[in-house]
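# here's a sequence, model it:
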Amino acid sequence: MALPPEKISELRQIIHNKLTQMDVHSRIRDAVSETMEESRTLDRGSGAMGEDQVLESLRQRGIIDEILSEMSFEEEPSRDVRRPTKPATHFVDREDRIKTSTPAKKAAIDPTRRHLYLQVKGGKAFLEHLQEPEPLPGQVGPTFTLHVLFRGQRFRSKPVPCACDPDIQEGFLLELHSKGSGEAAQMADPTSLLSICDPVHLVLIKTDVAGDTALLTSHYLEWRHVLGAQDGYINTAVELMGVGTESKVPVGVLDVRLEILPHPVHTLAPDVITTQMNLEQSRRAERERLFLVYAKQWWREFLQIRGNNSNRLVKIFAQDENATNRPVCSFVRPLQAGRLLDTPRQASRFISLLTYEKASTVGGGPRAEQWCTMHAFLCRNKGDCEDHSVLLCSLLLGFGLDAYVCVGTKTNNTAHTWVLTLGMDGEATFWESLTGHRYSHQPINPDDPPAVEQPRLQYPYRSVGCVFNHQVFYANSQPTDSVEVCHFNFTDESRWKAMSEEAIKSVCGEGTLPLGPVFPPLCASLFDPGLLSADLELELRLLVTEHRKDLGLTTVWDNELSYLLTPALAAYEQERTTGHISGNEEFQQAIRRAVPDGHTFKGFPIQFLHRNARRAFAGCLRSPVCEEIVSCRGDHVRLAVRVRVFTYPEQACAVWIMFACKYRSIL
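Okay, the predicted model is just below:
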């Protein structure tokens, strides 16, 4: 079947780009030169070479076999599948040992657009891993994973073993697209590319044997030097620094090759590129200086309102993972989850499933405060309460709610952050990002007589010092910062002192040069919940059987009873998401019908955030109720276990497990 001319032209361009990436042309020239030199040395000809002789020379050197192995062509599954016109924002994790219902598809590359090809050619000088012990046979050792973010495009490398010189060999094709729809389909020239000031955000994550992740480095790579390369590419060594208190300590070095595809016909002079970047830096520094001057004056005015205002938690700046001070408003941005999350409450549930972990410190003293950028937080899949609150506020803003991050203290007087939303009638609702709980707030009037009934406090918050989002910042200037008497009417200047929205916009607005990376999109889960649930359930059955065998007990499984536990697990997850539970009556009716007269039924539900069956079983056995079920003795003992995995974006999972047993009661 003949292809249309435009398809042939597109195919030729794709093949040309692939051969250029493999540096085939220079290798062919070298092979031909070596063959001609050998011919002259052996006096086998006058120097002229035929086509057969050239092909034989390339075949002997393995060049042809390598080209054929690299160039793979796949049949299109359907003619109705359209080639995407926007860059891919999701990545495929080929290392996750989870079967998916549909095979991974190769992303179509538009040959009419410019791309930045970022090739990582290995790492070196990761001295902390100089004496990394070899894993035992069959055991997976700690690994490195490199995450890349550029203008809404997210990728990650395959995990590689931790070593002093890690073998990170990956290539990332980043589309240099324009934000304007009218220019999206045009081939950008070097002058237009120079105006794209977004850096490439590199995040290196270490995963240990137990599956725990650690953030090693967060680096912003300036890529525009390649616009002045005569050959269209440059090789550079990227020094990676630590995070937090170790932000001045080198972690290692990555050998990186940057290349513009297709190669521009004209290049820019290096001094033009340097001048442009210096100009952007000076503008950014000037805006930061002016905002700092304004913030100092604003703070002095706030202290003059009340003498005790200096003791309130008014957080104007925060340090990110690179120990860089940023306005707290710059951490928040409205974020839409597309079709990955359907409701604000589902978004709250998703964020509560991300692991909570305080920033670590070396030595004693107060805890280190570190507000991670959103990309670093999502790559690590764990963070402090500030990281959870910022992400939740961004998602609620994306759902169209009037949301703010609150900075204050909990009832135990420890610093804490949570999220506040205001309804059209001014009703305040608190969202706890670590648990997914919601609390309605009704202020108490301290001047009411004791006979007046006051609302019962259910939220765990004691004081609030300030609230903010991506556009506004308010400091609490009420007589007391206690949450129970606080009014969240931000238009009342006697209760809240506001920062200038123009000042905030100057450093956090859409049109400003980025102080940090572009906010990343959420990535869909790659797990098949049905297969994952079945695998975990099978592993738990084996563990229970082994456990009872050690106790000298036999194990008989009741598959029918196991299936009847499914509605209960679905109801538990629904309650965590919506706050309402349904289907409990039907579940109880089914259990009563399945348990004969004279028999006793016992059940034990529990939730985990990980997918390790052995860890989950060990955690279940810590409960006396579960231990009693698993080690049940009696007449006609039948055991049941059901696992239900609920998947969310960013590989977050809610793993619900329910153990149950029925046996004949003997008096």
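# and residue 55, how far from residue 35?
Using CB to CB, to the nearest Å, residue 55 is found at 11 Å from residue 35. For glycine as for every other residue, the C-beta is placed from the backbone atoms N, C-alpha and C.
# the more surrounded of those two?
For residue 55 versus residue 35, neighbours defined as other CB atoms under 10 Å are more numerous around residue 35 (17 against 12).
# wait, a helix at residue 616?
Yes - counting by DSSP: H, G, I helix; E, B strand; the rest coil, one finds residue 616 located in a helix.
# show the pLDDT at the closest residue to it other than its chain neighbours.
Leaving aside its sequence neighbours, residue 616 sits nearest to residue 608 (CB to CB, 6 or more residues apart in numbering; 5.0 Å). Per-residue pLDDT puts residue 608 at 92.
# tell me, how many residues neighbour residue 608?
Other residues close to residue 608 by other CB under 10 Å number 19.
# OK, contacts around it?
615, 616, 619, 655, 657 (CB atoms under 8 Å, 6 or more residues apart in numbering).
# any weak-confidence spans in the stretch 501-650 of the chain?
For the stretch 501-650 of the chain, applying pLDDT under 70 flags the ranges 510-518.
# how about the helices in it?
With helices called from DSSP state H, counting those that start in this stretch, the stretch 501-650 of the chain shows them at 501-508, 529-550, 559-564, 566-578, 584-594, 613-621, 624-630.
# which of the contacts of residue 608 has the most neighbours?
Neighbour-wise, the contacts of residue 608 (other CB under 10 Å) top out at residue 657, 26 neighbours.
# is it in a bridge, and if so with what?
Counting by DSSP bridges, residue 657 forms beta bridges with residue 606, residue 643.
# hang on, it packs against residue 620?
Yes - here residue 657 lies in contact with residue 620, judged by CB atoms under 8 Å, at a distance of 6.9 Å.
# mutual contacts of these two, please.
With CB under 8 Å, 6+ apart, residue 657 and residue 620 have common neighbours residue 606.
# list the buried residues in the lengthiest helix in the chain.
For the chain, the longest helix by residue count, based on DSSP state H, is helix 270-303. Neighbour-count burial for helix 270-303 flags 273, 276, 284, 287, 288, 291, 294, 295, 298, 299, 302 (criterion: 16 or more other CB atoms under 10 Å).
# what's near enough to touch the second one?
By CB under 8 Å, 6+ apart, the contact list for residue 276 reads 194, 224.
# that older thread, what angle do the longest helix of the chain and helix 501-508 make?
Angle, helix 270-303 to helix 501-508, by axes from the mean of the first three to the mean of the last three CA atoms, to 10 degrees: 140 degrees.
# mind listing the strands the helix or strand following helix 270-303 pairs with, and their directions?
For helix 270-303, the following helix or strand on the C-terminal side (DSSP states H and E) is strand 317-319. Sheet partners assigned to strand 317-319 using DSSP bridges are listed as strand 325-327 (antiparallel).
# hang on, the earlier thing: possible to save the helices of the stretch 501-650 of the chain as JSON lines with distance to residue 446?
JSON lines is the format used below for these (distance: least, CB to CB, whole Å):
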{"stretch": "helix 501-508", "distance to residue 446": "32"}
{"stretch": "helix 529-550", "distance to residue 446": "50"}
{"stretch": "helix 559-564", "distance to residue 446": "53"}
{"stretch": "helix 566-578", "distance to residue 446": "35"}
{"stretch": "helix 584-594", "distance to residue 446": "41"}
{"stretch": "helix 613-621", "distance to residue 446": "45"}
{"stretch": "helix 624-630", "distance to residue 446": "44"}
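# for the ones you listed, which one sits closest to residue 441?
With CB to CB as the criterion, residue 441 lies closest to helix 566-578 of the helices of the stretch 501-650 of the chain, at 19.9 Å.
# by contact count, what packs against that closest one?
Contacts defined by 3 or more CB pairs under 8 Å, 6 or more residues apart in numbering; DSSP states H and E place helix 566-578 against helix 344-352, helix 584-594, strand 599-608, strand 635-647, strand 653-664.
# now the angle from the shortest one to helix 566-578?
Just to be clear, that refers to helix 344-352. Using the same axes, to 10 degrees, helix 344-352 lies at 100 degrees relative to helix 566-578.
# following helix 344-352, which helix or strand shows up next?
Next along from helix 344-352, by DSSP H and E: strand 355-356.
# what mean pLDDT does that next one have?
92.
# not counting its own residues, what contacts the helix or strand just after that strand?
Next helix or strand after strand 355-356 toward the C-terminus (DSSP H and E): helix 374-380. With contact meaning CB under 8 Å, 6+ apart, helix 374-380 is reached by 147, 149, 154, 156, 201, 203, 205, 213-215, 218, 243, 321, 331, 333, 335, 354, 372, 383, 387, 390-391, 394, 517, 519-520, 522-523, 650.
# the same query, at a cut-off of 6 Å, please.
147, 149, 201, 203, 205, 213, 215, 218, 321, 383, 387, 517, 519-520, 650 (CB atoms under 6 Å, 6 or more residues apart in numbering).
# again, but for stretch 212-228
116, 190, 193-194, 199-207, 234, 240, 243, 251, 258, 260, 267-268, 270, 273, 321-322, 376, 380.
# buried subset of these, written for PyMOL?
Those of the contacts of stretch 212-228 that count as buried under 16+ other CB under 10 Å are selected in PyMOL with:
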select buried, resi 116+190+193+194+199+200+201+202+203+204+205+206+207+234+240+243+251+258+260+267+268+273+321+322+376+380
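# which of the contacts of stretch 212-228 fall within helices?
Using DSSP H, those in helices are 190, 193, 194, 270, 273, 376, 380.
# list the residues that contact the fourth one.
I take that to be residue 270. residue 228.
# next: the first one.
Residue 190 makes contacts with 227, 264, 268, as judged by CB under 6 Å, 6+ apart.
# same list (the residues you listed) but as TSV, adding distance to residue 418 and pLDDT.
Output for those, formatted as TSV (distance: CB to CB, whole Å; pLDDT from 0 to 100):
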residue	distance to residue 418	pLDDT
227	45	93
264	50	86
268	48	92
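# tell me the one of those nearest residue 413?
For the contacts of residue 190, the nearest to residue 413 is residue 227 (54.0 Å; CB to CB).
# do you know how far the closest one is from residue 260?
Relative to residue 260, and taking CB to CB, residue 227 is found at 7 Å.
# equivalent analysis for residue 385, please.
Taking CB to CB, one finds residue 385 at 42 Å from residue 260.
# which residue lies nearest the spatial centre of the protein?
Centroid-nearest residue in the chain: residue 378, 2.2 Å away (criterion: CA atoms, centre = their mean).
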